[in-house]
Each structure stands twice: as structure tokens, then as C-alpha cells.
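Have a look at this prediction, sequence included:
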Amino acid sequence: MKILLTGGTGYIGSHTAIELIKRGYEVEIMDNLFNSKITVLDEIEKITGVKPKFYKVDLLDKEGLNKLFSEGNYDIVIHFAGLKAVGESVEKPLKYYENNVGGTINLLEVMSKYNVKKIVFSSSATVYGEQAKTEMTEEMQTGVGITNPYGETKHIIEEMLKDVAEADKDYEVTILRYFNPVGAHESGLIGEDPNDIPNNLMPIIMKVSTGEIAELSVYGDDYDTVDGTGMRDYIHVVDLAEGHVAAIEHMKPGVLIYNLGTGKATSVLEMISAFEKESGKKLPYKIVGRRPGDLAIIFANPEKAFKELGWKTKLTIEDAMRDTINYLNKRS
Ligand code: NAD
Ligand code: UFG
């Protein structure tokens, strides 16, 4: 079984590559390296003994995609590639629609041309929009009250994939809605290493701990939660990667949709204290106002993935913190 990972040098793609290679799948990666580094391939080789074939191709370069698929003979595509900075998407919406939606249209057209009809898509809990009040189940309404263009691109791509699978019954589409990925590979060789300024909690905690950012701003302590700070479902990236292996082993014609999360919510203050406990260092922070568009608490109901894929998370927040700190130490 030969699998192409678009965006495979990125954070989630690289961890997924490792789990797939470990189970004997042939993995190839395409990425434009906008938000990742080519050296990730060497780290994957150190961990697995296999260096995946890599193609520097942009999803917007249709000729490049054509060439890739004309030679690739892929059975499945796992489509990670996309831009993901929520704040930037508000400032530059067309860049996000062009790259994420336009790029996916190119990919689907070329896949169809070369008769590759199995795709797993990296979606997000963001598609639940304003429905996201507490525990999310897959059948809840999506697309209402999404607060930023990035989230809209995920919803549009989900709808596009459903339409494609409706038009051609041979398609096997699996949509994975990730909650909040954190952590790093236990080797400390790969982890989250964004090229841009992060706006998610965990990469900011990492930069505060290394002194690159002076202190963490906690966005609000007046929510109706355990300690007033926002609560999210933080999933260890290796658990998430294993979710992809389970997903590709259970594909069938039509569209399958799964939440990939732990089913538990953790507050910002709990994340800070878990990091402090594992690192033995104080993390400077201050409480500031709420971030516009944030909800109090969001977590997955992961039951469907367990029942149908036999997958559930095994790793804890403590594991994620330990692995993140190990990754930070190895990098410095
Ligand atoms: P990442 O930025 O580390 O990886 C994405 C990769 O896609 C990068 O290596 C980037 O260079 C590449 N890429 C972007 N545009 C491209 C293009 N036009 N052509 C080729 N390559 C391109 O991000 P990640 O955290 O690994 O996320 C992977 C996917 O999961 C994304 O689609 C993201 O939206 C989605 N997702 C991420 C999170 C999260 O919090 N990390 C949550 C939900 C969903
Ligand atoms: N937070 C802070 N300070 C920061 C950053 C975040 O207090 O500097 C808080 C937020 O207010 C929130 C929690 O930490 O309560 C998590 O925030 P993130 O930005 O890390 O994650 P979100 O849940 O807001 O959003 C992320 C991605 C979305 C994705 C969503 C669900 O950014 O793209 O998870 O997958 F859709």
C-alpha cells in the first residue's frame, strides 16, 4: 500500500509518517516547505530506518501535481497540507481560500485523473463553530458561526469532499476532525517547529520557556470553567498519528467522519502547571482579556472512532509535556 502525505513534513504529517512506516506502509511526502523543514526527513529516517521519498511541490502548481501523480501510483492520499494560522486568515482571507480550498481542488482533480480515489482529510473541531459549547459529536451541525476564514476553508473542503463522493460512488473519503494536537515524538527528534509566529497555546508555552517570548498571556479567567480559563481537548500528536493508521485501515466507499480527541478538557492554568511540573521551571504568565471568538470549553466525544476504528488515545497531558520538554532540550 503506497500512501502520499501532502504536507507530510509538517507537525502532524511527520508524526503520522513514522507510525505508517512502522506498520510497513510505503510513504511518500509532498510539501512546499512553507511551514516545515526538509531536515524532518532525516529525523524520520533516524527513528524508523526509512527515509521517505520527498517531492517539493506546491498544491497550487497543477503541473507539478500532475507529474507527481503520473509517476506515483498512490493508493491513498492523506491530505495534511494547508495554512493554519487563524489570525493571519482573518487578515489575508484570500490567501487561505486560495491555498487551502484552491489547493484541494487541484489535488482532487489530479487524483481523479490518475484514478486515486481514497483520501483522508485533516479537518478540525473548528467546523462545529458556535455549536461547540461542550462535547462534540460527529452528527452535530457544522459550518454555522465559524469565526475565521481558516475554519471556513475546513468546512468548505469537507462539503466539497462529500459532493465528490456523492458524484462518484467509488470514492472513499475519511474526514478526521482534530481537536488540539500537542506533544512531540518520544525520541525528541521531531515536534512542533513552526516557521511563523505561533498563536496556539502549546507552541507559545514552548517559546515562553525558552525565553523567546517574555510571558504567556492567558486569554480570560472569567469563563464558566474549573478555574475560569478556557478548556480544550489536548491530544498527543502520536495518538493523533495512530488515529490516521486506524482510519486508513477502515476506509470504505462513501464518507466517514471521526472526531480525534481524548474526550477530556484541560484548562489553560492546568496546562501551565503541568508544564511547570514536568520542566521544574516557572512559566511567567499574566491574565489578559478574552480573545475574540474563543469559547469556554470544547472537547470531543471520541466514541465513534473507538467503536468503528478501534482507536482511542493512550497518552496523557503529562506525556505530552514530557515529550515537548525532551524535544526542546534536544533542539537547544
Ligand atoms: P503544519 O503547518 O506543521 O503542516 C502543514 C504542512 O503543509 C506544512 O509543512 C506546509 O509547508 C505544508 N503546506 C501548506 N500549504 C501548502 C501547499 N500549498 N503546498 C504544499 N504544501 C503546503 O501544520 P499541522 O499542525 O501539521 O497541520 C496539518 C493539517 O492539520 C493542516 O491541514 C491543519 O489545518 C490541520 N489541523 C491542525 C491542527 C493543529 O492545531 N495543529 C488542528 C486541526 C487541524
Ligand atoms: N490561549 C491562551 N493564550 C495564548 C494562546 C491560547 O490563553 O497565548 C488559550 C485560548 O484562549 C484557548 C486555549 O488556550 O482557551 C487553546 O487555544 P489555541 O489557540 O491553542 O487553540 P484553539 O482551541 O483556540 O484553536 C485550535 C486551532 C484551531 C482549531 C481548534 C480545534 O487554532 O484552528 O484548535 O482544532 F480549529
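All right, it came through fine. Ligands and ions are numbered 1, 2, ... in the order given.

Distance-wise, check the closest residue to Val27 other than its chain neighbours relative to Glu28.
Closest residue in space to Val27, ignoring its immediate chain neighbours: Pro52 at 4.6 Å, by C-beta to C-beta, 6 or more residues apart in numbering. C-beta: built from backbone N, CA, C; applies to glycine. Counting by C-beta to C-beta, to the nearest Å, the gap from Pro52 to Glu28 is 6 Å.

list residues touching both of the two?
Common neighbours of Pro52 and Glu28 (criterion: C-beta atoms under 8 Å, 6 or more residues apart in numbering): Leu5, Gly8.

mind checking pLDDT for Gln131?
Per-residue confidence (pLDDT) for Gln131: 71.

what's the distance between it and Gly145?
Applying C-beta to C-beta, the value for Gln131 to Gly145 is 7 Å.

Between these two, which is the more surrounded one?
The residue with more neighbours, out of Gln131 and Gly145, is Gln131; 17 against 13, by other C-beta atoms under 10 Å.

Point out the residues in the stretch 51-200 of the chain that sit beside ligand 2.
Applying C-beta under 6 Å from any ligand atom, one finds that the stretch 51-200 of the chain approaches ligand 2 through Lys84, Val86, Ser124, Ala125, Thr126, Tyr150, Tyr178, Phe179, Asn180, Asn199, Asn200.

thought the fifth one was touching Gly151?
Yes - counting by C-beta atoms under 8 Å, Gly151 is a contact partner of Thr126 at 3.8 Å.

which residues touch Ile76?
Applying C-beta under 8 Å, 6+ apart to Ile76 gives the contacts Met1, Lys2, Ile3, Leu4, Val116, Lys118, Ile119, Val120, Ile248, Met251.

Who are the contact partners of the nearest residue to Asp224 once chain neighbours are set aside?
The shortest distance from Asp224 to any non-neighbouring residue, by C-beta to C-beta, 6+ apart, is to Ala296 (5.7 Å). With contacts defined as C-beta under 8 Å, 6+ apart, the neighbours of Ala296 are Lys133, Tyr223, Asp224, Thr225, Gly230, Met231.

Keep only those of the residues you listed that are in strands.
Counting by DSSP state E, these place Met231 in strands.

and which of the contacts of Ala296 is nearest to Ile205?
Among the contacts of Ala296, Gly230 lies closest to Ile205 (C-beta to C-beta), at 13.9 Å.

Quote the end-to-end distance of stretch 145-154.
Stretch 145-154 has its terminal residues 13 Å apart, counting by C-alpha to C-alpha, to the nearest Å.

buried set for that stretch?
For stretch 145-154, burial by neighbour count (16 or more other C-beta atoms under 10 Å) applies to Ile146, Thr147, Asn148, Pro149, Tyr150, Gly151, Glu152, Thr153, Lys154.

Same question for stretch 309-316.
Along stretch 309-316, these residues count as buried under the neighbour rule (16+ other C-beta under 10 Å): Leu309, Trp311, Lys312, Thr313, Leu315, Thr316.

Let's have these in TSV, adding distance to ligand 2, pLDDT and secondary structure.
Output for the buried residues of stretch 309-316, formatted as TSV (distance: C-beta to the nearest ligand atom, whole Å; pLDDT from 0 to 100; DSSP: H, G, I helix; E, B strand; the rest coil):
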residue	distance to ligand 2	pLDDT	secondary structure
Leu309	19	98	helix
Trp311	17	98	coil
Lys312	18	98	coil
Thr313	15	98	coil
Leu315	17	98	coil
Thr316	18	98	coil
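
Now for the residues you listed: which two are most distant?
Leu309 and Thr316 (20.6 Å).

Tell me the buried residues in the strand or helix carrying His15?
Following DSSP states H and E, one finds His15 within helix 11-22. By 16+ other C-beta under 10 Å, the buried positions in helix 11-22 come out as Tyr11, Ile12, Gly13, Ser14, His15, Thr16, Ala17, Ile18, Glu19, Leu20, Ile21.

State the distance from Lys312 to Gly102.
35 Å.

ah, wrong one, I meant Leu108
Taken as C-beta to C-beta, the span from Leu108 to Gly102 is 11 Å.
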